[in-house]
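Enquirer: Got a sequence here, can you model it:
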Amino acid sequence: MTGAIAPLSDFSIWARGNLLVIVLLILGAALATRLANWTCGLVMERIDTRSAIPGDLVRSEAAKHRHVVAQVLTWSVLAIIYVVTAVLVVQNLGVPLAGLVAPAR
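Expert: Sure thing, here's the model as predicted:
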């Protein structure tokens with residue numbers, strides 16, 4: 001009977017260690033994503049208020065370019081957050097990352 005309980009205790013130890021770290025990494029990535037999107041929204045509002053001319057129905061070209069730059073920066077930050085989180089999660093799952101880097105060379 002003790003043989004059947006041993007795998008459960010191993011999972012229990014893993015769940016309290018690595019699984020908790022993985023959940024915290026994903027939660028941190030979700031919070032960082034929300035922060036990046038919120039910051040992008042603030043930047044967009046600031047661009048709109050600075051370039052708003054009373055009576056204009058269409059944004060200026062400069063404001064459109066600033067919006068695009070803000071969106072590109074936001075998406076770049078999000079890509080970095082997701083890639084780093086994915087690498088850390090895979091590392092915590094026990095997959096050797098050195099084997100993935102060698103073939104890319």
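
Enquirer: which stretches of the chain form helices?
Expert: 2-14, 20-51, 61-92, 98-101 (DSSP state H).

Enquirer: Present those as TSV; the columns should include mean pLDDT and mean neighbour count.
Expert: In short, each C-beta sits where N, CA and C put it, glycine included. Output for the helices of the chain, formatted as TSV (pLDDT from 0 to 100; neighbours: other C-beta atoms under 10 Å):
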stretch	mean pLDDT	mean neighbour count
helix 2-14	63	9
helix 20-51	92	14
helix 61-92	92	14
helix 98-101	75	8
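
Enquirer: got the end-to-end distance for stretch 91-100?
Expert: End-to-end distance for stretch 91-100, by C-alpha to C-alpha, to the nearest Å: 11 Å.

Enquirer: Show me how far it is from its chain's centre.
Expert: Centroid separation between stretch 91-100 and its chain, computed with C-alpha atoms, centre = their mean, to the nearest Å, is 19 Å.

Enquirer: I'd say residue 37 and residue 75 touch.
Expert: No: Residue 37 is not in contact with residue 75 according to C-beta atoms under 8 Å; the separation is 10.3 Å.

Enquirer: What distance do you get for the closest residue to residue 21 other than its chain neighbours to residue 36?
Expert: Using C-beta to C-beta, 6 or more residues apart in numbering and skipping the chain neighbours, the partner closest in space to residue 21 is residue 92 (5.3 Å). Remark: distance between residue 92 and residue 36 (C-beta to C-beta, to the nearest Å) = 23 Å.
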